[in-house]
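Engineer: Here is my input, please return the structure:
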Amino acid sequence: MSDIREQIFQELSKLEDSVARLRATAVDASKQTDLEVAILTQQVRNLRAKNARATELIDQSIEILGGLK
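Structural biologist: As a prediction, this is how the structure comes out:
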């Protein structure tokens with residue numbers, strides 16, 4: 001009977017270790033996802049700013065070309 005109880009406690013201990021590893025993995029994945037979202041958000045902001053600047057330059061170019069006609 002004590003062998004069965006010992007085996008049950010060993011299995012529970014293994015299960016507890018597995019759960020702890022899974023929780024750590026989930027936390028790490030969440031942090032990684034947050035970092036990726038932050039990086040992508042900054043990249044989108046930069047691209048929008050560059051797009052706005054490119055639009056301004058194109059508009060200025062069109063004005064200059066219109067004035068040359």
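Engineer: As a check, name the ranges of all helices in this structure.
Structural biologist: Using DSSP state H, the helices of the chain run over 2-68.
Engineer: Which residue lies nearest the spatial centre of it?
Structural biologist: Glu36 (2.4 Å; Cα atoms, centre = their mean).
Engineer: got any ranges where this structure has weak pLDDT?
Structural biologist: The chain contains no residues with pLDDT under 70.
Engineer: Please repeat the previous calculation with a cut-off of 80.
Structural biologist: For the chain, the stretches with pLDDT under 80 are 1, 69.
Engineer: Stretch 45-52: how far from the chain's middle?
Structural biologist: Distance of stretch 45-52 from the chain centroid (Cα atoms, centre = their mean, to the nearest Å) equals 20 Å.
Engineer: Actually, stretch 8-26.
Structural biologist: The answer for stretch 8-26 is 27 Å, by Cα atoms, centre = their mean.
Engineer: Tally up the residues packed near Glu16, please.
Structural biologist: 10 (other Cβ atoms under 10 Å). In this view, the C-beta of every residue, glycine as well, is placed from N, C-alpha and C.
Engineer: show me the contacts for it.
Structural biologist: Applying Cβ atoms under 8 Å, 6 or more residues apart in numbering to Glu16 gives no contacts.
Engineer: So it versus Ser2, what's the distance?
Structural biologist: From Glu16 over to Ser2 the distance is 20 Å, taken as Cβ to Cβ, to the nearest Å.
Engineer: And the residue nearest to the centre of the chain, how far from Asp17?
Structural biologist: Glu36 sits 29 Å away from Asp17, going by Cβ to Cβ.
Engineer: What of Ala38?
Structural biologist: Ala38 is 32 Å from Asp17, by Cβ to Cβ.
Engineer: now Gln32
Structural biologist: Here the criterion is Cβ to Cβ. By it, Gln32 lies 23 Å from Asp17.
Engineer: now Ile8
Structural biologist: Noted for Ile8: a distance of 15 Å to Asp17, by Cβ to Cβ.
Engineer: Alright, I will stop here.
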